[in-house]
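Q: Compute the structure for the input listed below.
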Amino acid sequence: MEHPFRLIIFDYDGTLVDSQGAIVAAMAAGFAVVDLAPPPASAVRRVVGLALDEAIARLLPSEIHADSRLEVCRRIAAAYRSAFLELRTRPDYHEPLFPGVRETLAALDSPAVCLGIATGKARRGLLASLEHHGLGHHFVTLQTADIGPGKPHPGMVRRAMAEIGVLPSETVVVGDTTYDMEMAANARVPALGVAWGYHDPADLRASGARAVIETFAALPSALAALGTTAGR
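A: Sure thing, here's the model as predicted:
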């Protein structure tokens, strides 16, 4: 189905892959290192998409003194990364793609359209996951939180547009969190939400999603519909 976008930027965790199990487990391991109770899974899901340091800072109990919060965050982040790496090497590691991801990416991938990723993951983790799933060949720009400001700052979208050489009117963001929607708004590009991720669809709409799709197979038609209503 025809659409006017030359660059489609996808979030990763919660949009393409369901990685919440590993993220929750690694966060629990990180908090254990500093003798803190693990944050609830629901709270961890709320910060997926943010850069790791920012996510941890939001999860820290308020009683952690301001003078020590930075060091506590640093220790948790280091333990989180080690735990996630260990989890990824296990033979039973499970980080499934959401239904329809492979088919829809293949359908969207064409000489006229560039696909990209903007994620709170570090580049090392993103590359490992793309290799695990065999998806890397689809994406021509990879924007991660360890090479610049994380979401909802517009930097990742702006860098992707600069790399490809496209305008905001030719770009769209697809994601599952309010941080994705806010990042897109801050970069002055439209955004589509997905209903299967970690934030509620109502929150996505309130944060600027032009529409929220229920299945990945609905993305091509949603892109076409968005193109007809975006002032083009």
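Q: what separates Asp176 from Val44, distance-wise?
A: 14 Å (Cβ to Cβ, to the nearest Å). For every residue, glycine as well, the C-beta is placed using N, CA and C.
Q: ok, the two, which is more surrounded?
A: Asp176 (29 against 21; other Cβ atoms under 10 Å).
Q: so the more buried one makes contact with Val17?
A: No. Between Asp176 and Val17 there is no contact under Cβ atoms under 8 Å: 10.8 Å.
Q: Does anything pack onto the helix-or-strand element of the chain with minimal mean pLDDT? Which helices or strands?
A: Using mean pLDDT, DSSP states H and E, helix 219-229 stands out as the lowest-scoring helix or strand of the chain, at a mean of 89. Under the contact criterion of 3 or more Cβ pairs under 8 Å, 6 or more residues apart in numbering; DSSP states H and E, helix 219-229 touches helix 101-108, strand 171-175, strand 191-194, strand 211-213.
Q: Buried residues, it. List them.
A: 219-220, 222-223, 225-227 (16 or more other Cβ atoms under 10 Å).
Q: May I have that helix exported as CSV, CA atoms only?
A: What follows is helix 219-229 as a C-alpha-only set of coordinates in CSV (Å, rounded to 0.1, in the frame of the first residue of the first chain):
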residue,chain,number,x,y,z
LEU,A,219,1.0,-0.8,9.8
PRO,A,220,1.1,-0.3,6.0
SER,A,221,-2.5,0.8,5.8
ALA,A,222,-2.0,3.1,8.8
LEU,A,223,1.0,4.7,7.1
ALA,A,224,-1.1,5.3,4.0
ALA,A,225,-3.9,6.8,6.0
LEU,A,226,-1.5,9.0,7.9
GLY,A,227,0.0,10.2,4.7
THR,A,228,-3.4,11.4,3.5
THR,A,229,-4.2,13.4,6.7
